[in-house]
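Novice: Sharing a sequence plus its predicted fold:
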Amino acid sequence: MKKKNEYLQTIPSTFPPLTNVLNEYSERCQNVMKCASKLECFKGKTDRDVFKTSCDDVGTNQYMFDNNCMVYFLREVFNGRHNCTEGLAPGNLTSQVFKYEKQCFLKIVETICHPEYFNFFQKNYEDVVESYTTKPAVDDGFCASPNDKFERLQCDTYALDLRSIMMNMTILSIANQSSSEIVLEVVRNMQKCTDNICLLLYKEEKNKTKELIHRFEKFITNLTEVFMRRPRLLEFKCLENILLIDVFDDFGYCKKIEKNCLMPIISKMCQEEILADFENLEVSVGPRKEVYNSPEFEFAMLRDKKNHRKFVITMKDDKLV
């Protein structure tokens, strides 16, 4: 264990370990596992339990290179904006594609990544590609290889797209069917991508990810329905600059309490304009034709200054309980 930990300290957090380093660490890890499995406290434990106790996430750890360069490179590749990236998507980015498109891929990395990360990738291109795209010869179920991490990073590109949408798209844009479909497609692709990656299978994160995806899909669907049923909301200036992220957090909270809670959120954001809109109403038709009374209620059709018709229902005072 001591030798394994000493070697672990030599692996920096900036760049993923290259093949020779990873192999050396894996050998030390295996030695610790062999020793640990003989201990009384490990009797009846699975190999994976022994591995989790004896070893570290060296192969699957997301290093600074992964978080600040690789995931953004993958996102750029899957966006398909380059001649060499057309048709590429999570799941079909093989080592052969990397080898064939090396110069084009390196040019993308040079454009979007810090020079330090670009230099590392350029210098160790074949090693990194082979490590990330090659599945273990034997599936031990440990989910500890760089390839397992690479599959996760590909799914993370959808999370980046979703975050960008949340931070930049207004809620009014969801009234446009094509916009809402684009958002829902990202959500569904993210769900499909994360269903089978092992780095989520063994963590509570899988359930949390599924819950978040489901909530966001419901959020977009409900928001679309609100604007379909209340098209007048599209004219409210108070909603013009409200981003999806501004509403989503409140939606997630209130959804646990009540079924339909988007309208109260929107009403709260636009309270002044809604009241002003109501005050601008004026009776513009004769009461004989368009005022309808009943024993308990009075009905009146009103028009606002933009000539929109509205019904106003008033309960008579003596009927109030």
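Specialist: Perfect, thanks for sending it. What you see is a predicted model, and the numbers here were worked out from it, not measured in a lab. Residues are numbered from 1 along each chain as shown.

Novice: any idea which helix or strand carries residue 3?
Specialist: helix 2-8 (DSSP states H and E).

Novice: So which elements touch the very next helix or strand once past that helix?
Specialist: Using DSSP H and E, the next helix or strand after helix 2-8 towards the C-terminus is helix 19-36. On a contact count with 3 or more C-beta pairs under 8 Å, 6 or more residues apart in numbering; DSSP states H and E, helix 19-36 meets helix 2-8, helix 47-54, helix 125-133. C-beta here means a position set from N, CA and C on the backbone, and glycine is covered the same way.

Novice: Just the buried residues of the helix or strand that the longest one is followed by, please?
Specialist: Under the assignment DSSP H and E, the closest C-terminal helix or strand after helix 125-133 is helix 146-168. Neighbour-count burial for helix 146-168, with 16 or more other C-beta atoms under 10 Å as criterion, is recorded at 146-159, 161-162, 165-166.

Novice: Okay, domains of the protein per the record?
Specialist: The chain is divided into the following domains under automatic domain parsing: 2-146, 169-275, 280-319.

Novice: Would you confirm that residue 57 contacts residue 144?
Specialist: Yes: the pair residue 57 / residue 144 is scored as a contact, 6.8 Å apart, by C-beta atoms under 8 Å.

Novice: between the two, who's got more neighbours?
Specialist: Between residue 57 and residue 144, counted using other C-beta atoms under 10 Å, residue 144 has the larger neighbour count: 24 against 13.

Novice: how much space is there between the more buried one and residue 154?
Specialist: Noted for residue 144: a distance of 18 Å to residue 154, by C-beta to C-beta, to the nearest Å.

Novice: what's the answer for residue 137, then?
Specialist: For residue 137, the distance to residue 154 (C-beta to C-beta) stands at 21 Å.

Novice: ok, back up a step: output the domains of the chain as JSON lines; include the columns mean pLDDT.
Specialist: Below are these laid out as JSON lines (pLDDT from 0 to 100):
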{"stretch": "domain 2-146", "mean pLDDT": "90"}
{"stretch": "domain 169-275", "mean pLDDT": "83"}
{"stretch": "domain 280-319", "mean pLDDT": "50"}
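
Novice: which residue is nearest the centroid of the protein?
Specialist: What sits nearest the mean C-alpha location of the chain, by C-alpha atoms, centre = their mean, is residue 159, with 3.2 Å.

Novice: What count of nearby residues applies to the closest residue to residue 122 other than its chain neighbours?
Specialist: The shortest distance from residue 122 to any non-neighbouring residue, by C-beta to C-beta, 6 or more residues apart in numbering, is to residue 106 (5.8 Å). Look at residue 106: counted by other C-beta under 10 Å, it has 15 neighbours.

Novice: ok, residue 106 touching residue 125?
Specialist: Yes: assessed by C-beta under 8 Å, residue 106 is found in contact with residue 125 at 7.0 Å.

Novice: Quick check: neighbours shared by these two?
Specialist: When C-beta atoms under 8 Å, 6 or more residues apart in numbering defines a contact, no residue borders residue 106 and residue 125 alike.

Novice: returning to that earlier point: wait, which of the helices and strands packed on helix 19-36 is closest to residue 84?
Specialist: With C-beta to C-beta as the criterion, residue 84 lies closest to helix 125-133 of the helices and strands packed on helix 19-36, at 14.5 Å.

Novice: can you pull the buried residues of the closest one?
Specialist: 125, 127, 128, 129, 130, 131, 132, 133.

Novice: returning to that earlier point: give the contact list for the residue nearest to residue 122.
Specialist: Applying C-beta under 8 Å, 6+ apart to residue 106 gives the contacts 118, 121, 122, 125.
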